[in-house]
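**Q** Next comes the sequence, and after it the predicted model I'd like to discuss.
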Amino acid sequence: MKRLSLFGILWLAATLLASDTWAALDTVARQRVVLRTDYGDIVLALYPEAAPGHVSAFMEWARAGIYDSTAFSFIQPGFLIQASGVFDREQVLTVDQKKMLHSLKGEFTSLLHQRGVLSMARDLDDPDSATSSFCIMLRDSPHLDGKYTVFGRVESGEEVLKAIEAVPIDENRHPQKRLTIRKAVVVDSPEAVASLPPVDAEDPVHKRIRTAGGIGGLLVMLGGALCLAVFGGRSRWAYALGMLALLPGFIGVLAWLMPQIASPALSSILFAGTIALFYLMTRFERN
Amino acid sequence: MSALAKPAVPLISPAPVPAPAARLYFVNGLVDFLFLGGLSLLLYGALMVVGEPPMSGRQWNGGIYMLTWICNWPHFAATSYRLYHSKQNIAQYPLTAVAVPILMVLVAAASLAYPAVIAPYFMKFFLLWSPYHYSGQSLGISLIYARRSGFILGRLERLALTLFIFCTFLFSTARFEAGTMTGNYFSISFPPFGIPAIVPKLLGELMYVSGAVFIVLLLWWAVRHRRFFPLIILLPAVSQFVWFVAAWRVKGFSDTVPFFHSLQYLLIAWAMQLKERMDENGIAPSFRYVVSESARWGAGTVLLGIIFFWVLPRLLTFAGYSLMLTQPIVFGAVQVHHFFVDGVIWKLRNPKVRSPLLVNIDEMAGRGALPKMA
């Protein structure tokens, strides 16, 4: 009887300890990270007890703007969507941002890969190679349990996940339209999520420079074309300068149009125009 | 005939002009094969067998970086040296020598001033131009060897070869441009054009069709003339196909492509330099001349390469710019200048260019008859 009681106490203690461990692992931090996408916001709750290194780095990188202008660049419907992190970023990383990046040591726990879970991406053959790329699971995936670091879950934004999952993909599982994470914002509490202002698509100063550069580039190109048409046949210098003007003009036009192109036809014209320009540039000097 | 007019080229290649076998190569069959793409084919084969580089990514990239110092950078420097080393060249190409560097300085300055607005599109422009330039070089080398072998390509053969070579570049480029992933060069990211997915498919089909037509035309030529064409004519095109298409997914290979492109260039620029200097200074052919001039020219291009690609980006950091920004922008400006210069100084229809491109190293070392400068 005594032995049975002792066994019972031990069993109870082990159960309590285990349940306590479970509770601790999926305890969420008070802060939230909000991924602001074209489809809406995805609110992430993080597990600092389960993956302290990952959560600390993820929040630090989000605060530093490292995830801004990155994208969801890999979709496997019914399995996961992957944010590429710094590997697919529109903006230039600053020196300070670059310095912050480092590999993360694997923090594998018994937390399960279930729908909505955040799992850090890494090289297949190196458990300590995770950096900024992460996945959001779209279904339970027990084959990943204990092999990839689970560091949080999606708290809200299920409709955004569904919309992203529905985007058409190519044969390499890349989405056929860019799914930009415009900003990743860290807020101090779940309540603060509601008070986030709408996100601007682009810095207005940059937008003005881009527009001015584009219009200027267009004028330079037209000037160059005019120079070629009127004087190109008579003067070697006019011919060459007319041709040369096309190059900076075209770069200005690219900088202006490319961020706002939605039409595949216009994209194709710009692409063909770029190739045609290379051909012209190898023939700009007559001798 | 105006300066730009092309010589008449028959639709189908005419009968071959007999040429001595030794003149087919700049050095010899093995060296020319290795430099002009053979080495890249061997590496491709080896990587296909072993699956991936037999060393860590850091070691592999470190090795490739070492090669840039002794091969990639000197290849850019060799172009500048060729243009600027004589007043005659500068006088012949004043716009390339003066206006293009000024333009590049302006574009680089605008990119440094607006790294988030201008720099990404300058990088995109230059990185698209780079494989186009590779294609031009591959075509040019094929034509050089065709000429050296006495095999003049007819218009149809030339069209098929041109289409095939340029489609390898267009196909691989369009594949990226049809996607949504941003491209990266150092720390600068740039978006894809977002062209329709059908474009790379069509370009891929055009590439295979033009390649098949070219082979059929060559075989037809061989049957008609009962002579097999020199296989080295095909080497640049095959190498280019491997670089841009076949080895696309072979781990570690794509990083080596600029090295192999530079290797092609250096062999021909080196032979050209030896012959031109010999003619300019009336130097008699000798082995000693070949060795001393090769050492002088080699050291000069390595040094100039270091100035362009190592010193210049670091000097700009004193103006307050980050090295992560100055490196890609300076690299882009120097390389675009190189594309311009190459576009004008290697015209095969220019006799002053054509003649040195027919030399063989034995002739310059005093072991054979030299062709006369036109």
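**A** Sure, I can see it.
**Q** Specify the next element, helix or strand, located C-terminal of the strand or helix carrying residue B:257.
**A** Element membership for residue B:257, per DSSP states H and E: helix B:257-281. Downstream of helix B:257-281, the first helix or strand assigned by DSSP H and E is helix B:287-306.
**Q** Residue B:250 is in contact with residue B:48, correct?
**A** Yes. Using CB atoms under 8 Å, residue B:48 is in contact with residue B:250, at 6.6 Å. Backbone N, C-alpha and C define where each C-beta goes, glycine included.
**Q** before we move on, back to that, which neighbouring elements make contact with the helix holding residue B:257?
**A** Applying 3 or more CB pairs under 8 Å, 6 or more residues apart in numbering or on different chains; DSSP states H and E, one finds that helix B:257-281 contacts helix B:39-50, helix B:73-84, helix B:119-148, helix B:287-306, helix B:361-364.
**Q** residues making contact with the second one?
**A** Translated: helix B:73-84. Contacting residues not belonging to helix B:73-84 are listed as B:89-90, B:93, B:96-97, B:261-263, B:265-266, B:269-270, B:272-273, B:297-298, B:300-310, B:334-335, B:337-338, B:341-342, B:345 [CB atoms under 8 Å, 6 or more residues apart in numbering or on different chains].
**Q** List buried members of those by neighbour count.
**A** B:89, B:93, B:96-97, B:261-263, B:265-266, B:269-270, B:272-273, B:297-298, B:300-302, B:304-305, B:308-309, B:334-335, B:337-338, B:341-342, B:345 (16 or more other CB atoms under 10 Å in any protein chain shown).
**Q** ok, the residue nearest to residue A:114 when sequence neighbours are not counted - contacts?
**A** Once flanking residues are discounted, residue A:114 sits nearest to residue A:140: 4.9 Å by CB to CB, 6 or more residues apart in numbering or on different chains. Residues counted as contacts of residue A:140 (CB under 8 Å, 6+ apart) are A:112-115.
**Q** quick revisit: starting at the chain centroid, how far to the helix holding residue B:257?
**A** Helix B:257-281 sits 11 Å away from the centroid of its parent chain (CA atoms, centre = their mean, to the nearest Å).
**Q** can you pull the buried residues of stretch B:61-80?
**A** B:64, B:67-68, B:71-80.
**Q** and the longest helix seen in chain A, does that touch chain B?
**A** Of all the segments of type helix in chain A, defined by DSSP state H, the longest one is helix A:204-231. Yes. Using CB under 8 Å from any CB of the partner chain, a contact is recorded between helix A:204-231 and chain B, made by A:206, A:209-210, A:213.
**Q** Which entries within the contacts of residue A:140 meet the buried criterion?
**A** For these, buried by 16+ other CB under 10 Å: A:113, A:115.
**Q** Of all residues in the stretch 151-287 of chain A, which one is closest to chain B?
**A** Using CB to the nearest CB, the single residue of the stretch 151-287 of chain A nearest to chain B is residue A:282, 3.1 Å away.
**Q** Ramachandran coordinates for that residue?
**A** phi -80, psi 0 (degrees, to the nearest 10).
**Q** repeat for residue A:40
**A** For residue A:40, the backbone dihedrals (degrees, to the nearest 10) come out as phi 130, psi -180.
**Q** what about it, how many residues close to it?
**A** Neighbours of residue A:40 under the rule other CB atoms under 10 Å in any protein chain shown: 14.
**Q** ok so, going back, show me which positions of the longest helix of chain A end up buried.
**A** So for helix A:204-231, counting by 16+ other CB under 10 Å, buried means A:207, A:209-210, A:213-214, A:217-218, A:220-221, A:224-225, A:227-228.
**Q** go on, stretch A:139-154?
**A** Buried, per 16+ other CB under 10 Å, within stretch A:139-154: A:141, A:144-145, A:148-154.
**Q** Looking at residue A:150 now. What's its pLDDT?
**A** At residue A:150, the model reports a pLDDT of 96.
**Q** Not counting sequence-adjacent ones, nearest residue to it?
**A** Going by CB to CB, 6+ apart, residue A:150 has residue A:111 as its nearest residue, at 4.1 Å.
**Q** measure residue B:44 to chain A for me?
**A** In this view, residue B:44 and chain A are 22 Å apart by CB to the nearest CB, to the nearest Å.
**Q** Surely that residue and residue B:246 touch.
**A** Yes. Between residue B:44 and residue B:246 there is a contact under CB under 8 Å: 7.0 Å.
**Q** Now the terminal residues of stretch A:227-245, how far apart.
**A** With CA to CA, to the nearest Å applied, stretch A:227-245 spans 9 Å between its terminal residues.
**Q** next one: stretch B:234-251
**A** Counting by CA to CA: the opening and closing residues of stretch B:234-251 are 25 Å apart.
**Q** Return the set of buried residues in it.
**A** Across stretch B:234-251, burial judged by 16+ other CB under 10 Å covers B:234-245, B:247, B:250.
**Q** any idea which of these is closest to chain A?
**A** residue B:244 (14.6 Å).
**Q** Looking at the buried residues of stretch B:61-80, point me to the pair that's furthest apart.
**A** B:64 and B:80 (22.8 Å; CB to CB).
**Q** Look at the nearest residue to residue B:47 once chain neighbours are set aside and give its secondary structure.
**A** Among residues not flanking residue B:47 along the chain, residue B:250 sits closest, at 5.0 Å (CB to CB, 6+ apart). For residue B:250, the assignment made with DSSP: H, G, I helix; E, B strand; the rest coil gives coil.
**Q** Which pLDDT value goes with residue B:250?
**A** pLDDT, residue B:250: 86.
**Q** Okay, now the unreliable bits of the stretch 201-350 of chain B?
**A** By pLDDT under 70, the low-scoring segments of the stretch 201-350 of chain B are B:348.
**Q** Neighbours of the closest residue to chain A within it, how many?
**A** Using CB to the nearest CB, the single residue of the stretch 201-350 of chain B nearest to chain A is residue B:343, 3.1 Å away. For residue B:343, the count of nearby residues is 20 (other CB under 10 Å).
**Q** That'll do, ta.
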